[in-house]
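Visitor: fold the following, please.
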Amino acid sequence: MSDNKIIEQANKMKETVEKSEEFTNLKNAFDALKAEKESYKVFTDFQNNQNELRQKQMSGQEITEDDMKFARDLANKMNTLPAIKVLMEREKAMGKLIDDANMVITDPLRKLYQG
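Guide: Below you'll find the predicted structure:
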């Protein structure tokens, strides 16, 4: 199969993922989260904080105890919000679907290196 055929198949898989129940559930959960302004703000604050910590780490800056406490506090707050809990459950299901597909796609590589 040529590279073009592989990309063509990957695009078909993308379309299948977009039509999957897991993706629909994830999208619906994210839309519901965005509709809850306070929960969505906590969610985006958490994402921004994680990015800031990652950038600090990559640039060799020290992550302080205050940084860690702020991140823990945000994570704890996220865990109390039902819309975020539902989103995380849906992300987990979507992740499993992608992991399962990845296992199928990479099976020839595993077999190659196993022997």
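Visitor: ok, residues contacting the helix ranked longest in the chain?
Guide: In the chain, with assignment by DSSP state H, the single longest helix is helix 82-105. Applying CB atoms under 8 Å, 6 or more residues apart in numbering, the contact partners of helix 82-105 are 13, 17, 20, 22-23, 25-26, 28-30, 32-33, 36, 39-40, 42-43, 78-79. Placement of C-beta: from N, CA and C, glycine included.
Visitor: would you show me how to pick out the buried ones of these in PyMOL?
Guide: Selecting only the buried members of these in PyMOL, with burial defined as 16 or more other CB atoms under 10 Å, works like this:
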select buried, resi 22+23+25+26+29+30+32+33+39+40+42+43+78
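Visitor: which ones among the contacts of helix 82-105 are found in helices?
Guide: Per DSSP H, helices hold the following members of those: 13, 17, 22-23, 25-26, 28-30, 32-33, 39-40, 42-43, 78.
Visitor: farthest pair in the residues you listed?
Guide: When these are compared pair by pair using CB to CB, the two farthest from each other are 13 and 42, 33.3 Å apart.
Visitor: from residue 27, how far out is the residue positioned nearest the centre of the chain?
Guide: Using CA atoms, centre = their mean, the residue of the chain that lies closest to the mean C-alpha position is residue 91, 6.1 Å off. When distance is defined by CB to CB, to the nearest Å, residue 91 is 11 Å away from residue 27.
Visitor: what of residue 36?
Guide: Using CB to CB, we find residue 36 at a distance of 15 Å from residue 27.
Visitor: list the residues that contact residue 12.
Guide: By CB under 8 Å, 6+ apart, no residues touch residue 12.
Visitor: could you measure it against residue 60, distance?
Guide: When CB to CB is the yardstick, residue 12 and residue 60 sit 43 Å from each other.
Visitor: which residue is the nearest non-sequential neighbour of residue 62?
Guide: Nearest-residue entry for residue 62: residue 56, 7.6 Å, with adjacent residues in sequence omitted and distances by CB to CB, 6 or more residues apart in numbering.
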